[in-house]
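**Q** Just a sequence and a predicted model for now, questions to come.
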Amino acid sequence: MVFPTVLLPLIVLLQRREKKTLGPNDVSMESLVPTAHFDMQLVKEMDSTLESFAGMRAEVLLMGGEKSPAYLRVSLSALSQMLPHVKRIQYPDLDRSGPNVTAPELVSKDLRAFFSAHC
C-alpha cells in the first residue's frame with residue numbers, strides 16, 4: 001500500500017515540529033495516535049443512532065468551522081436538529097483546527113460564555 005509509505009515521513013516531520021512548540025499542558029499528536037483506533041471504533045458503534053440523542057436533557061454546545069470537512073459539518077447540522085437543548089456556533093473562517101491552532105482565543109471565549117451561563 002503506497003498511502004502509509006508516503007504519509008509516514010510527513011507524520012514524523014510534523015511530530016518533530018510539534019515537539020518544539022508544545023506547551024507544558026499540551027497533548028502531543030504522537031500520544032494520541034494509539035487512541036485513534038478506539039475513536040474510530042466508537043464512531044462505528046454510533047452509526048445510525050442519531051435518534052437516540054433526541055431525549056438528551058443536557059444543554060449542549062456544538063461548535064464547528066465552515067472550512068471543516070463536509071462530514072463534520074453535516075454531523076453537526078444533524079445533531080443540532082435532533083438535540084432538544086442545543087446552541088450551535090458556526091465559525092465562518094475556521095476549520096477543525098480552530099480550537100488548537102487557528103483561533104483558540106475565540107473558541108475559548110465562546111466556551112467560557114456557554115459554561116458560565118449553564119453551570
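**A** Structure's in. What do you need?

**Q** And the pLDDT at Asp95?
**A** Per-residue pLDDT puts Asp95 at 84.

**Q** show me the contacts for the residue nearest the centre of the chain.
**A** Nearest to the mean C-alpha position of the chain, by Cα atoms, centre = their mean, lies Arg96 at 6.0 Å. Neighbouring residues of Arg96 by Cβ atoms under 8 Å, 6 or more residues apart in numbering: Gly64, Gly65, Ser68, Pro69, Leu72. Placement of C-beta: from N, CA and C, glycine included.

**Q** Which one (most neighbours) among these?
**A** Gly65 (23 neighbours; other Cβ atoms under 10 Å).

**Q** Pop out the phi and psi values for that residue.
**A** phi -110, psi 140 (degrees, to the nearest 10).

**Q** Do a quick rundown of the helices in the chain.
**A** Secondary structure of the chain by DSSP state H: the helices cover 2-21, 29-32, 36-46, 70-82, 104-118.

**Q** got the ones you listed as a markdown table, with mean pLDDT and distance to Pro92 columns?
**A** Formatted as a markdown table, the helices of the chain follow (pLDDT from 0 to 100; distance: least, Cβ to Cβ, whole Å):
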| stretch | mean pLDDT | distance to Pro92 |
| --- | --- | --- |
| helix 2-21 | 77 | 26 |
| helix 29-32 | 82 | 26 |
| helix 36-46 | 79 | 26 |
| helix 70-82 | 90 | 12 |
| helix 104-118 | 91 | 11 |
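
**Q** Now tabulate the ones you listed in CSV and tack on distance to Ala58.
**A** Compiled in CSV, the helices of the chain are given as follows (distance: least, Cβ to Cβ, whole Å):
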stretch, distance to Ala58
helix 2-21, 33
helix 29-32, 26
helix 36-46, 17
helix 70-82, 13
helix 104-118, 9
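
**Q** What's the local residue count around the spatially closest residue to Gln15 that is not a sequence neighbour?
**A** Among residues not flanking Gln15 along the chain, Glu30 sits closest, at 5.0 Å (Cβ to Cβ, 6 or more residues apart in numbering). Residues near Glu30, counting by other Cβ under 10 Å, number 15.

**Q** Can you tell me how far Leu79 is from Asp93?
**A** 22 Å (Cβ to Cβ, to the nearest Å).
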